[in-house]
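**Student:** Everything below, folded, please.
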Amino acid sequence: MLTRKIISSSFCTFYLIAVASHCSNVAKAFTPSPVLSANPMRQTTTPTWTQLNLKRGGKKKKKANDNTITVNRLAYRNYEIIETLEAGISLVGTEVKSIRDGKMNLRDGYIRPDIKGRGCDLYNVHIGKHSMSSEFFQHEERRVRRLLLHKEQTRKLKQKVDQQGMTIVPLKAYFNDGNKVKLEIALVKGKNVRDKRQTIKEREAKRETSRMVKNFRL
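**Tutor:** Numbering: from 1, shown residues only. From the prediction side, this is the model:
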């Protein structure tokens, strides 16, 4: 019995030593080993298994924030855009809240300079009422709103409207970097039926091309 106990204890000791040596070999296999380069002052290390996995997965790229509120697609279809310009807009509190809720529509809007050429007004743009405000503080949904432009810009717009018969329409509303509502307005000319058909053909061709590229990538 004594001999059996001695043999079993020695076998357990030998087994533990073997396991410990195996673990140390595995740890050495995953530790970075220095790689000698031509420059003795500069030495690099090979990446470990965990580092390789991190590189493969990586971090997902964040999508760029789209601050667009609404786009006037009807203007792109019916008019030929000659020149664009950024303009501010005078709003009240409930209008800003409604715009943040997406209750703004530029479809029927247009811009008209005043008689003296000192400013431009935005007409027929619908901004819905704010649902959480009382009726006393509500705004008119289609009221005339003043645009914030420099006098020189207003004079140039008035000259082109009066002399060349152009129209000013809002193309897009968006939030700028300062979180303020801005409008992209444009001097436009009306398209005839032939131009509209050509625009539709170009749009369809562009869609078909993008669809083919997407299927090819898959």
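**Student:** Tell me the buried residues in the host helix or strand of Arg211?
**Tutor:** Element membership of Arg211, judged by DSSP states H and E, is helix 193-217. By 16 or more other CB atoms under 10 Å, helix 193-217 has no buried positions at all. Where C-beta positions appear, they are placed from N, C-alpha and C, glycine not excepted.
**Student:** And for stretch 160-174?
**Tutor:** Neighbour counts over stretch 160-174 (16+ other CB under 10 Å) mark 160-161, 166-174 as buried.
**Student:** cool, and stretch 105-124?
**Tutor:** Of the residues in stretch 105-124, 105-106, 109-111, 113, 117, 120, 122 count as buried by neighbour count, 16+ other CB under 10 Å.
**Student:** Surely Glu80 touches Leu187?
**Tutor:** No - contact criterion CB atoms under 8 Å: Glu80 and Leu187 do not qualify, at 9.9 Å.
**Student:** and His130, what is it in contact with?
**Tutor:** 94, 97-98, 101, 103, 138 (CB atoms under 8 Å, 6 or more residues apart in numbering).
**Student:** Apply 7 Å and report the result again.
**Tutor:** For His130, the contacting residues are 94, 97-98, by CB atoms under 7 Å, 6 or more residues apart in numbering.
**Student:** Just send the residues you listed back as a markdown table, with neighbour count and pLDDT too.
**Tutor:** Conversion of those to a markdown table gives the following (neighbours: other CB atoms under 10 Å; pLDDT from 0 to 100):
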| residue | neighbour count | pLDDT |
| --- | --- | --- |
| Thr94 | 18 | 91 |
| Lys97 | 17 | 91 |
| Ser98 | 23 | 93 |
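**Student:** Narrow those residues to those in helices?
**Tutor:** 94, 97-98 (DSSP state H).
**Student:** what's the closest of these to Lys191?
**Tutor:** Set against Lys191, the nearest of the ones in helices among the contacts of His130 by CB to CB is Ser98 (31.9 Å).
**Student:** Check the closest residue to that closest one other than its chain neighbours and give its pLDDT.
**Tutor:** Nearest residue to Ser98, sequence neighbours excluded (CB to CB, 6 or more residues apart in numbering): His130, at 4.8 Å. Predicted confidence (pLDDT) at His130: the value is 89.
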